[in-house]
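Visitor: coordinates for the following, if possible.
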Amino acid sequence: MWLRPFALTACLALVAPNVVAQAQSAAMVSETIRIKDLGKLQGWRENALIGYGIVAGLAGTGDTPANRATRQTLSNVFSQFNLNIPPDQVQSRNVAVAMVTAALPPFAREGDTLDISVTSVGDARSLVGGSLMLTPLKAANGRVYALAQGPLSVGGYRYDANGNVIQKNHPTVGSAPGGAVVEVGLANGELAAPQTRLTFVLSTPDYTTASRIAAAINAQLGQTVAEPLDASGVSIRVPEAEQAHPVAFLARLEGVGVEPDRRARVVINERTGTVVSGGDVRISKVAVSQGDLRVSIEAENQISQPFAFGRVPAGIRTERVRNSQMYVDESQGTGYLMSANTVADLVQSLARLNTSTRDIISILRAIKAAGALHAELVLQ
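Guide: Below you'll find the model as predicted:
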């Protein structure tokens, strides 16, 4: 069966069984995006923090007494309160050792709160109902920047008794929104000594977008202060009149509008059956023929029980018999001929033909291999 392609006159939102294809018409007018949404200044980055702590208050789901690290940790904690208990005498299933992680923002100040993630590193079965004891969080330089403490929120559970286990999600990982307090801030209330040049870094490197950003900044300020360095960086010279007020100058730059250039990409997630494509993803003239060959084997087990009056003769016993049947189903292939159209056209046409999610993904991969899909294929 051969079908002719049809044209779309508006923006397409394609929804098929387990398939989501989002696309826009190629003739759609480009949107103007603020520069602040396209990247950040060089040096603005989060800093990873990590710490080692104890989760207490567990209802018998903590680390087992065989965990030497837990016993040693509790012994060290008790020693800070003038309790000298040898590690081999520490016996408790209500505590668990854990690693605590957080991200320190670039402009964090003393007293700010951070979200933390707590992960069990012992043999605890669950962290439900536990509370994190005071834990210092260090950066890569070994300096303590925050202190974490408080009850945990665990999006799951695990209960077992008499060999029966009921579990939901991963109960050995928990979180605490605002569970850490910044002790050493990174921001000093103002920018460092007056800077004469800044570098704007794009989130998605692209030469065209970098050139447009530099042109838009120069047009906004009425002078040549911005120059693209490469696909991901734009150098900005701070005018002398603006060096005394860097915050106001950066605020003006953040609001400058730019029409970014986007690469043609098709993102495929086979696990969830999701297909997402941009509006400028086009397909050259191609013919597609798709069909299914399904083989199924059904096995039926039967018991052959000898039946006799009186005593069963020697050598006769019960026997298990398995009967198998094979079925082969080859459905009629689907044909599709299309000229220069978009991925949205193809997906919508295949959806109307009741093509399954897996088949649509296979067809897109085959078109890419044939050289007819002019876009980057991203598999997740």
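Visitor: stretch 272-289 spans what distance, first to last residue?
Guide: Separation of the first and last residues of stretch 272-289 by Cα to Cα, to the nearest Å is 24 Å.
Visitor: and if you look at stretch 251-259?
Guide: First residue to last in stretch 251-259 (Cα to Cα) measures 19 Å.
Visitor: what does that stretch contact?
Guide: Under the contact criterion Cβ atoms under 8 Å, 6 or more residues apart in numbering, stretch 251-259 has outside partners 30-36, 38, 200, 209, 212-213, 216-217, 220-221, 236. (Each C-beta comes from the backbone N, C-alpha and C, glycine too.)
Visitor: buried sites along that stretch?
Guide: The neighbour-count check on stretch 251-259 (16 or more other Cβ atoms under 10 Å) flags 253, 256, 258 as buried.
Visitor: quick revisit: helices - which of the contacts of stretch 251-259 land there?
Guide: 209, 212-213, 216-217, 220-221 (DSSP state H).
Visitor: which one of the residues you listed is nearest to Q348?
Guide: T209 (29.7 Å; Cβ to Cβ).
Visitor: wait, what's in contact with that closest one?
Guide: By Cβ under 8 Å, 6+ apart, T209 lies in contact with 38, 202, 258, 260-261.
Visitor: next one: G122
Guide: Contact analysis of G122 by Cβ under 8 Å, 6+ apart lists 62-64, 67, 69-70, 96-98.
Visitor: out of the residues you listed, which end up buried?
Guide: Applying 16+ other Cβ under 10 Å to these flags 62-63, 67, 70, 96-98 as buried.
Visitor: ChimeraX command to pick out the buried ones of the contacts of stretch 251-259?
Guide: If you want just the buried ones from those in ChimeraX, going by 16+ other Cβ under 10 Å, the selection is:
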select :35,38,200,209,212,213,216,217,220,221,236
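Visitor: can I get the ones in helices among the contacts of stretch 251-259 in CSV with pLDDT?
Guide: Listed next are these as CSV, based on pLDDT from 0 to 100:
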residue, pLDDT
T209, 92
R212, 93
I213, 93
A216, 93
I217, 93
Q220, 90
L221, 88
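Visitor: now tabulate those in CSV and tack on distance to G155.
Guide: What follows is those, written out as CSV (distance: Cβ to Cβ, whole Å):
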residue, distance to G155
T209, 38
R212, 43
I213, 40
A216, 44
I217, 44
Q220, 46
L221, 49
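Visitor: out of these, which comes closest to P106?
Guide: Nearest to P106, judged by Cβ to Cβ, of the ones in helices among the contacts of stretch 251-259 is I213 at 20.9 Å.
Visitor: correct me, but that closest one touches R34?
Guide: No. Between I213 and R34 there is no contact under Cβ atoms under 8 Å: 10.7 Å.
Visitor: how close does N301 get to R320?
Guide: Counting by Cβ to Cβ, to the nearest Å, the gap from N301 to R320 is 6 Å.
Visitor: so where is the stretch 151-300 of the chain shaky, pLDDT-wise?
Guide: Counting by pLDDT under 70, the ranges of the stretch 151-300 of the chain that qualify are 161, 163, 187-194, 279-280, 290-299.
Visitor: please enumerate the helices of it.
Guide: Counting by DSSP state H, counting those that start in this stretch, the stretch 151-300 of the chain has these helices, from start to end: 207-221, 246-254.
Visitor: out of those helices, the one nearest R358 is which?
Guide: When the helices of the stretch 151-300 of the chain are compared by Cβ to Cβ, helix 207-221 sits nearest R358, at 35.2 Å.
Visitor: any idea of the angle that closest one forms with helix 246-254?
Guide: Angle, helix 207-221 to helix 246-254, by axes from the mean of the first three to the mean of the last three Cα atoms, to 10 degrees: 120 degrees.
Visitor: name the nearest residue to G60, sequence neighbours excluded.
Guide: Residue nearest to G60 in three dimensions, not counting chain neighbours: R93, with 4.8 Å by Cβ to Cβ, 6 or more residues apart in numbering.
Visitor: right, I'll call it a day here.
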